[in-house]
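>>> here is the input, now give the coordinates:
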Amino acid sequence: MSDFDEEKQKRQLDELRRVEEEQLVAMLAETKYSLPYVDLYRIGIDNEALRAIPETDARSLKIGPFKLVGKNIYVALRSPSEELKTRVKEEVDRHGLVPVFYMASLGSIEKVWERYIELSLAENSRVGGLDISSEILRKTAESIQHIQDISQMVKKEMETNKAHKISRILEIILAGAIAIKASDVHIEPEKDRGRLRLRLDGVLQDVDFFGLDTYQLLNSRIKLISGMKLTAKNAQDGRFAISEGEEELSIRTSMIPGTYGESIVMRILDPKSIQVDLEDIGIESYLFDVIKEEISKPTGLILVTGPTGSGKTTTLYAFLRRIYSPEIKIITIEDPVEYRLRGITQTQKKEDDNYGFAEGLKSALRQDPDVIMVGEIRDGETAEMAVQSALTGHMVFSTLHTNNAAGAIPRLIDLHVNPKILVSALSLSIAQRLVRKLCPECKIEKPAKEREITLINLIISSMEAEGKDLKKYKIDKSKPFSFFYPVGCEKCNNTGYKGRMGIFEAVRTDEALEKIMPENPSEREIKNVAKLQGILSMRQDGIVKILNGITSIEEVAGVVDLGEE
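Now for the predicted structure:
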């Protein structure tokens, strides 16, 4: 205990000496030199100012460049003689800059010199790669079980005076994000601090806050390893990889300028996240059998619809993994290729070379493919090519932005696809949304509220009217309805949820739909036909998952209009 007290007392004495030194320098700056005073312990150091004056010159002249605004570079001096001012003016004039002089203590200026070392380490990184050994990843993963653990480790590292601490902080952030299965890392500057957030199960959560100087060093390091321009202030995209044993894990980086600096987002493209079997994405049994049958056919067009971030790509990859065989050739055209699939030829569109989805589809057809996956149908040419490919002996998978499965047909017709041709090509259109799954460790069961019971009865009645067997979905009308609700515990980072799954609906091109499709049917007419196909609508699928305790009514209501007929 005495050692701890001595150390604490030493820190207090050092702080008193520092404060006294700062007070003396502040007084001299005002009374003797008529210069403004700056305490560099308390403000952020601008990396651009450090780059303007080399470290060797800063140390030899005993100066500390700390801010760059336009052509003005703010320089802290320990002994502001006229000779020194002249030498500094000559140095910065070569860069087209004008010095603005401040007075600071030697200890304060030494903080600037330390930042030179940190900046050098941040920028001395392999472009396109971050060497985090598998051992570091493993040890970090063992230390991090919850989002709070990342915060504690980052704070602990920030308290050290190691020159390489920025490297270690980035390692902790990325290794921690991977360990808790976060999809995105957000690093954002605010007025007087930096903010770190992680997206977990689709929802952003705060991890930590830190000084703007730490934000600036992280910004520089991420730019370097992502292959971005250090001095550019416009929006930039980059990419780097983390070596994880024999595998590489890709990180897609985006930066856009904001009021207080650049917002940084790192998307973690973990191959394991899309290695999901078709059985595990939440498709109910009858629709699962329909999908299995349709994707196994040699020809046809199968569409997955939904908004951005609804899991469409994961579903398409699950299709490809399900049907993959050495006996067939599968080609994808993506925007961009984010995940590598073994045994499959993956290509990506390049707008700069006028190589879009339509051009990629034309090229793919010359490769003797059996199956083609097109990342998205956005225009009439791609839509027409996809339909023609399905009619000429190929299985085509793609995505479309529509609100529901029935909307896929009117959307394709809007893109000038002939409905009489579409009827022969389209096999199945699927719509999906993602919902968080309740944490099995802490969820609690409560009786449903009166308003919720009315809603359940309405949806269950629609299922019965469509001839759906409630027992098959484990729904018992004779018992009072109850829902499960999120609570929050250590296992789920106090969110009440752990993992995500899809809720689905689909429209199959059967005889009834074939009869009306050439007449350019409305979305409502298509829905009426689909009701008799035995496939749950998204709101019905959502209610089934709510009543079975898999997710909450809040989650489903957040992505589907439960009141819609």
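
>>> ranges for the strands of the stretch 1-150 of the chain?
63-69, 72-77, 98-103, 129-130 (DSSP state E, counting those that start in this stretch).

>>> next: the stretch 401-550 of the chain.
According to DSSP E, counting those that start in this stretch, the strands that the stretch 401-550 of the chain contains are 426-438, 444-447, 482-485, 497-508.

>>> before we move on, back to that, which of the strands of the stretch 1-150 of the chain sits closest to Leu35?
Of all these, strand 98-103 sits nearest to Leu35, with 4.6 Å by Cβ to Cβ. No exception for glycine: its C-beta is placed from N, CA and C like everyone else's.

>>> can you tell me what sits against the closest one?
Strand 98-103 is contacted by residues 25, 28-29, 33, 35-38, 66, 71-78, 80, 85, 88-89, 92 when judged by Cβ atoms under 8 Å, 6 or more residues apart in numbering.

>>> can you give me the buried ones in that strand?
Pro99, Phe101, Tyr102, Met103 (16 or more other Cβ atoms under 10 Å).

>>> ok, now stretch 420-428?
Neighbour count says stretch 420-428 has Leu422, Val423, Ser424, Ala425, Leu426, Ser427, Leu428 buried, by 16+ other Cβ under 10 Å.

>>> could you dump the strands of the stretch 401-550 of the chain into a markdown table and include distance to Glu159 and mean pLDDT?
Output for the strands of the stretch 401-550 of the chain, formatted as a markdown table (distance: least, Cβ to Cβ, whole Å; pLDDT from 0 to 100):
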| stretch | distance to Glu159 | mean pLDDT |
| --- | --- | --- |
| strand 426-438 | 35 | 97 |
| strand 444-447 | 39 | 93 |
| strand 482-485 | 39 | 92 |
| strand 497-508 | 32 | 96 |
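
>>> and Phe210, which of those strands is closest to it?
strand 497-508 (27.2 Å).

>>> now for that closest one, which elements pack on it?
Strand 497-508 makes packing contacts with helix 285-295, strand 426-438, helix 523-530, helix 538-547 when contacts are defined by 3 or more Cβ pairs under 8 Å, 6 or more residues apart in numbering; DSSP states H and E.

>>> what's the shortest one packed up against?
Right, the one you point to is helix 523-530. helix 408-414, strand 497-508, helix 511-516.

>>> deepest of those, which one?
Stretch with highest mean neighbour count among these: strand 497-508 (a mean of 23; mean count of other Cβ atoms under 10 Å).

>>> listing partners with orientation, what would you give for that strand?
strand 426-438 (antiparallel) (DSSP bridges).

>>> hang on, the earlier thing: from the buried residues of stretch 420-428, which single one is nearest Thr214?
The closest of these, once distances to Thr214 are taken by Cβ to Cβ, is Leu428, at 50.6 Å.

>>> touching, that closest one and Val507? I think so.
Yes. With contact defined as Cβ atoms under 8 Å, Leu428 counts as touching Val507 (7.3 Å).

>>> where does this protein have low pLDDT?
Residue ranges of the chain with pLDDT under 70: 1-10, 118, 120-137, 161-164, 243-247, 351-353, 564-565.

>>> distance of the closest residue to Arg18 other than its chain neighbours from Leu458?
Spatially, and ignoring its direct neighbours in sequence, Arg18 is nearest to Gly107 (6.1 Å; Cβ to Cβ, 6 or more residues apart in numbering). Remark: distance between Gly107 and Leu458 (Cβ to Cβ, to the nearest Å) = 72 Å.

>>> more crowded one of those two?
Gly107 (17 against 14; other Cβ atoms under 10 Å).

>>> hmm, Leu24 and that one touching each other?
No. Gly107 is not in contact with Leu24 according to Cβ under 8 Å; the separation is 11.6 Å.

>>> ok so, going back, in a markdown table: the strands of the stretch 1-150 of the chain, plus distance to Asn354.
Shown next, in a markdown table, are the strands of the stretch 1-150 of the chain (distance: least, Cβ to Cβ, whole Å):
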| stretch | distance to Asn354 |
| --- | --- |
| strand 63-69 | 40 |
| strand 72-77 | 45 |
| strand 98-103 | 47 |
| strand 129-130 | 31 |
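
>>> which one of the ones you listed lies closest to Phe240?
strand 129-130 (5.6 Å).

>>> quick one on the thing from earlier: figure out which of the helices and strands packed on strand 497-508 is closest to Glu555.
So among these, strand 426-438 is nearest, using Cβ to Cβ, at 4.1 Å.
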